[in-house]
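**Student:** need the 3D shape of this:
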Amino acid sequence: MTRLSVNINKVATLRNARGGDVPNVVKVALDCEAFGADGITVHPRPDERHIRMVDVYDLRPLLRTEFNIEGYPSPEFIDLVLKVKPHQVTLVPDSPSQITSNSGWDTKVNFDFLTEVLDAFNTAGIRTSVFVSADAEMIEYAAKAGADRVELYTEPYATAFSKDPEVAIAPFVEAAKMARKLGIGLNAGHDLSLVNLNFFYKNIPWLDEVSIGHALISDALYLGLERTIQEYKNCLR
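**Tutor:** Now for the predicted structure:
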């Protein structure tokens with residue numbers, strides 16, 4: 001079964017636009033779980049422009065499903081993750097100024113750094129995932145560095161999907177086969193939506209997890225959160 005983890009960053013963005021606590025991030029996360037989500041993802045950034053550090057601490061004891069924290073492994077981020085001990089940590093190569101993730105790690109160039117960070121998280125009993133492009137060499141070095149999983153950066157797939165789905169999916173199938181050959185788990189995320197998710201899943205049915213935020217929260221404006229989560233879950237069947 002491919003699990004659906006809902007990224008709630010956009011909910012926090014909406015809250016922060018007005019100040020106060022509406023919408024309440026914790027309540028939305030718990031509602032997502034109640035409506036069928038298999039996990040919750042957050043991506044705290046240093047400027048706290050969406051998810052705040054306090055949100056991470058508030059969420060941890062209340063969530064009943066899997067908690068995934070993603071972010072760039074700065075000293076502050078590493079300290080947060082080791083204190084909170086989520087089920088999974090996903091390492092992304094974002095700089096603090098980036099609006100959103102736009103590339104995977106060069107795991108070969110950053111091999112020593114990633115090995116050190118992954119060792120700290122693995123020693124703490126936290127499952128590790130590394131955000132990578134659909135590139136066999138990047139996946140191979142992520143595995144060598146000690147990652148339990150890789151998360152495929154799927155924006156190129158989403159961008160090319162409308163022109164030719166078969167061409168769009170081809171490099172991701174090959175990347176997924178490499179991950180399976182190496183014996184590591186496989187996640188995917190970025191710009192997956194109700195339009196392209198089912199095709200991705202049908203071609204890579206051994207996918208462990210997808211993390212979806214922007215499209216899912218946007219769809220919920222029209223469909224409602226409960227129905228939206230069910231629609232995304234239906235794409236993974």
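**Student:** give me the most central residue, the chain.
**Tutor:** Nearest residue to the geometric centre of the chain (CA atoms, centre = their mean): Ser211, 4.1 Å.
**Student:** assign that one to helix, strand or coil.
**Tutor:** Per DSSP: H, G, I helix; E, B strand; the rest coil, the local secondary structure of Ser211 is strand.
**Student:** ok, for it, nearest residue in space, not its chain neighbours?
**Tutor:** Leaving aside its sequence neighbours, Ser211 sits nearest to Gly189 (CB to CB, 6 or more residues apart in numbering; 3.9 Å). In this view, the C-beta of every residue, glycine as well, is placed from N, C-alpha and C.
**Student:** repeat for Ile184
**Tutor:** Ala143 (5.0 Å).
**Student:** can you give me how far whatever helix or strand that neighbour lives in is from the chain middle?
**Tutor:** Element membership for Ala143, per DSSP states H and E: helix 136-145. From the chain centre to the centre of helix 136-145 is a distance of 18 Å (CA atoms, centre = their mean, to the nearest Å).
**Student:** now swap in stretch 161-174 and tell me
**Tutor:** Distance of stretch 161-174 from its chain centroid, counting by CA atoms, centre = their mean, is 20 Å.
**Student:** and for stretch 24-40?
**Tutor:** Offset of stretch 24-40 from its chain centre (CA atoms, centre = their mean): 15 Å.
**Student:** would Lys108 count as being in a helix?
**Tutor:** No: the assignment for Lys108 (three-state DSSP) gives coil, which keeps it out of a helix.
**Student:** residue contacts, the nearest residue to it once chain neighbours are set aside?
**Tutor:** Counting by CB to CB, 6+ apart, Tyr141 is the residue found nearest to Lys108 once chain neighbours are left out, at 4.7 Å. For Tyr141, the contacting residues are 107-108, 111, by CB atoms under 8 Å, 6 or more residues apart in numbering.
**Student:** out of those residues, the closest to Asn203 would be?
**Tutor:** Asn203 lies nearest to Thr107 out of those, by CB to CB, at 23.7 Å.
**Student:** about what we covered before: got the contact list for the residue nearest to Ile184?
**Tutor:** Counting by CB under 8 Å, 6+ apart, Ala143 touches 150, 179, 182-184.
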